[in-house]
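[1] make a model of this:
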Amino acid sequence: MAGLPRCELCGARTAPLRCPGCRLTYYCDVSHQRTDWISIHGHICQLLLPVLGPQPCFHSEKDRKLGKEQLLRRQESLIAVALSTAQGFLWAEKPLEAIPAALQALRFSSRVFGPGSMQLVPIYLLLAEASTGTGRLRQAAKYLSQAQWIILQTPDCSAALQSKLHRGLGLFSVAEGNLDQALYHLANDVYLATAEFGLNSVEVSGGYFHMANIFFHQNKMDAANSLYTEVSSLWHDWLLSTLHRHQRALQAHVGASPFSEDEEGIEDGMTKAQREEGTRVLWAVLKVREEGPLHHPRETARVLHALAMIHYLGLDLAKVTGSFCALPRIDFEEVLSRNHLEIRPVCLGSELKTPGFFSLGYEE
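    Numbering: from 1, shown residues only. Next up, the predicted model:
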């Protein structure tokens with residue numbers, strides 16, 4: 001008699017509980033079933049049926065080919081849902097909830113692309129980050145080793161993916177308390193990101209930001225200040241350029257509101273990942289500038305303006321104002337006058353379409 005299937009969450013051999021929805025996944029106890037449901041199973045329960053359930057019998061080569069293509073698309077859709085769900089939990093600082101979703105993405109990716117495929121590297125890095133966030137450093141080290149092994153076996157691996165690996169290794173070294181090793185990996189992250197995206201790209205800013213955090217905690221304030229300034233400058237310049245492109249696109253629709261259905265096709269120039277990372281990083285820099293020893297009014301103004309642009313591009317005008325109102329101790333008018341800054345309205349087309357939004361002009 002065949003044994004019971006393994007637990008979907010922990011792999012335990014005794015898993016007597018079965019999901020009543022898909023009837024395809026098993027669990028060792030109610031807590032693991034609930035955890036998996038909250039993380040990912042609730043999103044994909046019905047999607048599993050046509051992928052893991054009995055497959056139809058095809059009577060021609062053409063039908064078999066079409067069936068395989070359809071199955072592949074469904075599997076890739078499951079991977080995308082699981083990966084985006086896991087990433088969302090990480091952005092929300094819920095690493096424990098991210099792990100089941102990431103494991104689901106790993107299982108299907110291994111099945112579709114193979115266990116040594118490059119497509120598995122971002123998933124291993126995400127699992128390492130989530131495991132580090134929950135304090136499971138031994139498990140995080142295993143995931144990082146898997147990602148590193150795949151990259152070493154792939155001579156034509158992109159600098160971008162190598163950059164992400166070094167960032168993951170750097171953050172893991174920080175969690176271990178090995179700050180010198182962390183700085184080594186983060187420096188490699190910056191070098192490889194620069195090689196792939198250019199010196200002034202926002203992709204480079206992540207390595208700078210984590211290095212700045214290390215120097216800040218080591219009380220090396222000059223180095224930390226320089227790197228925090230570089231981070232805010234990279235984001236500010238890139239967002240300003242993105243905003244200008246967005247405005248030019250809006251100007252092609254003169255007379256229409258930026259929130260009307262006629263402009264649904266206008267892209268804001270930012271991916272969700274960029275928006276989430278930019279918001280998280282800039283708020284962290286702002287906190288250091290406002291509450292720490294690196295208080296600098298001009299840099300504070302730059303960070304606030306960058307945050308306002310992120311929220312504006314995301315069509316969240318309430319947060320544009322909130323970026324400033326959240327910090328009542330800042331006398332913003334005083335900051336502007338003291339540092340020779342001016343407020344200019346952003347005009348979209350022939351009139352000011354978003355009252356209250358503005359751009360900062362830096363006088364040299």
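
[2] which SSE is immediately downstream of the strand or helix carrying D36?
    Using DSSP states H and E, D36 sits within helix 30-36. Proceeding N to C from helix 30-36, the next assigned helix or strand is helix 42-44, under DSSP H and E.

[3] what is the rounded mean pLDDT of the helix or strand following that following helix?
    Once the chain leaves helix 42-44, the next helix or strand it forms, by DSSP H and E, is helix 49-52. Helix 49-52 shows a mean pLDDT of 86 in the predicted model.

[4] and the helix holding D36, which residues are buried?
    32-33, 35-36 (16 or more other C-beta atoms under 10 Å). For glycine as for every other residue, the C-beta is placed from the backbone atoms N, C-alpha and C.

[5] for the protein, what are the low-confidence residue spans?
    Applying pLDDT under 70 to the chain flags the ranges 1-4, 252-269, 315-364.

[6] ok, 80 please
    Low-confidence segments of the chain (pLDDT under 80): 1-4, 53-56, 58, 246, 249-270, 291-294, 314-364.

[7] quick one: the most centrally placed residue in it from T279, how far?
    Geometric centre of the chain, nearest residue: A273, 4.0 Å, by C-alpha atoms, centre = their mean. According to C-beta to C-beta, to the nearest Å, A273 stands 11 Å off from T279.

[8] quick one, helices of the stretch 51-200 of the chain?
    61-91, 95-113, 121-133, 137-152, 159-176, 179-197 (DSSP state H, counting those that start in this stretch).

[9] among those helices, which is nearest E230?
    Checking those against E230 by C-beta to C-beta gives helix 179-197 as the closest, at 10.0 Å.

[10] just how off-centre is the next helix or strand after that closest one within its chain?
    Next along the chain after helix 179-197, taking DSSP H and E as the criterion, comes helix 205-217. Put simply, helix 205-217 sits 17 Å off its chain's centre (C-alpha atoms, centre = their mean, to the nearest Å).

[11] list the buried residues of helix 205-217.
    Those buried within helix 205-217 under the rule 16+ other C-beta under 10 Å are 205-216.

[12] tell me the angle it makes with helix 159-176.
    20 degrees (axes from the mean of the first three to the mean of the last three C-alpha atoms, to 10 degrees).

[13] could you identify the helix or strand that succeeds helix 205-217?
    helix 221-251.

[14] helices and strands around that following helix, which ones?
    Counting contacts by 3 or more C-beta pairs under 8 Å, 6 or more residues apart in numbering; DSSP states H and E, helix 221-251 is packed against helix 205-217, helix 272-291, helix 297-313.

[15] for the shortest one, name the packing helices and strands.
    Contacts of helix 205-217 with other secondary structure elements, assessed using 3+ C-beta pairs under 8 Å, 6+ apart, are made with helix 159-176, helix 179-197, helix 221-251, helix 272-291.
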